[in-house]
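Q: below is the sequence, then the predicted model.
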Number of protein chains: 2
Amino acid sequence: MDRIYYITLLVDIYGELLTDKQRDVMTAYYFDDLSLNEIGEKQGITRQAVQDMIKRTEKLLDQYESRLMLVEKHIKRKSCIEKALKLIDNEEHYSSDTIDAVKNLLKEIPD
Amino acid sequence: MDRIYYITLLVDIYGELLTDKQRDVMTAYYFDDLSLNEIGEKQGITRQAVQDMIKRTEKLLDQYESRLMLVEKHIKRKSCIEKALKLIDNEEHYSSDTIDAVKNLLKEIPD
């Protein structure tokens, strides 16, 4: 997976565990695509301080993920649900094979 | 929901965000049903210190839940999956009503 997309998922999922400032800086950088200079001006800190904060926050987000694995579970869950919906949508009549596959996907959805 | 059951869910889900000592004390109290005295002896701290640690850890777990709502999502997810599996298991032939209900449940599964 693309590292930038991965970080946006981390921010989406663990954003509530960050401070307001950490979340603002990460959002400005990864979602709004502002430059380090632009973010520094908005936050009243130096370009270097912005860069340090992004690095530290990424490390923190990686630590949360290594403990809770919510991004990994989110991706697996999404994949199971999409596969199950696709199986259902592809058929007019439902064979027991299709239904068994849907059941298995339901059971595989991570908690 | 029973508060004790609720706390065991919190510990299960957010346990990795606790320190080893916090997790050990919570597990001893809520899962292994040890007394405050017994836990204090094992941990080499007073009964009062155990009680304080349990209170502080519960507060911390409540804060995590208020931010990430993982217990709430876990319960909703489990309910959607169980309902969908029940709908599938209850039928021999699958009507479009049943299939629609399963589809809706799949779409309702919280992320």
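A: On my side now, so go ahead.

Q: what's the domain layout of chain A?
A: A:3-68, A:73-108 (automatic domain parsing).

Q: mind checking which of these is nearest B:Gly40?
A: Minimum separation from B:Gly40 across the domains of chain A (Cβ to Cβ) falls at domain A:3-68, 27.5 Å. Just so you know, the C-beta spots here come from the backbone N, C-alpha and C atoms, and that holds for glycine as well.

Q: can you list the residues of chain A near chain B?
A: With Cβ under 8 Å from any Cβ of the partner chain as the criterion, chain A meets chain B at residues A:14, A:16-17, A:64, A:67-68, A:70, A:74, A:77-78, A:81, A:84-85, A:88, A:94, A:99, A:102-103, A:106-107, A:109, A:111.

Q: so can I have JSON lines of the domains of chain A showing distance to B:Arg56 and mean neighbour count?
A: Formatted as JSON lines, these follow (distance: least, Cβ to Cβ, whole Å; neighbours: other Cβ atoms under 10 Å in any protein chain shown):
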{"stretch": "domain A:3-68", "distance to B:Arg56": "18", "mean neighbour count": "16"}
{"stretch": "domain A:73-108", "distance to B:Arg56": "28", "mean neighbour count": "15"}
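
Q: so which of these is nearest B:Ile4?
A: Closest approach to B:Ile4 among those is made by domain A:3-68 (22.9 Å; Cβ to Cβ).

Q: got the angle for the helix or strand harbouring A:Thr98 vs helix B:96-108?
A: Assigned by DSSP states H and E, A:Thr98 falls within helix A:96-108. On the basis of axes from the mean of the first three to the mean of the last three Cα atoms, to 10 degrees, helix A:96-108 is oriented at 30 degrees to helix B:96-108.

Q: now helix A:96-108, how far from the chain's geometric center?
A: 26 Å (Cα atoms, centre = their mean, to the nearest Å).

Q: and it, C-alpha only, in CSV?
A: Output of helix A:96-108 as CSV, limited to C-alpha atoms (Å, rounded to 0.1, in the frame of the first residue of the first chain):
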residue,chain,number,x,y,z
SER,A,96,-25.8,-23.2,-1.7
ASP,A,97,-22.1,-22.6,-2.9
THR,A,98,-22.7,-18.9,-3.0
ILE,A,99,-24.5,-18.8,0.3
ASP,A,100,-21.7,-20.9,1.9
ALA,A,101,-19.1,-18.5,0.5
VAL,A,102,-21.1,-15.5,2.0
LYS,A,103,-21.3,-17.3,5.3
ASN,A,104,-17.5,-17.9,5.4
LEU,A,105,-16.8,-14.3,4.5
LEU,A,106,-19.2,-13.2,7.4
LYS,A,107,-17.3,-15.4,9.8
GLU,A,108,-13.9,-14.0,8.5
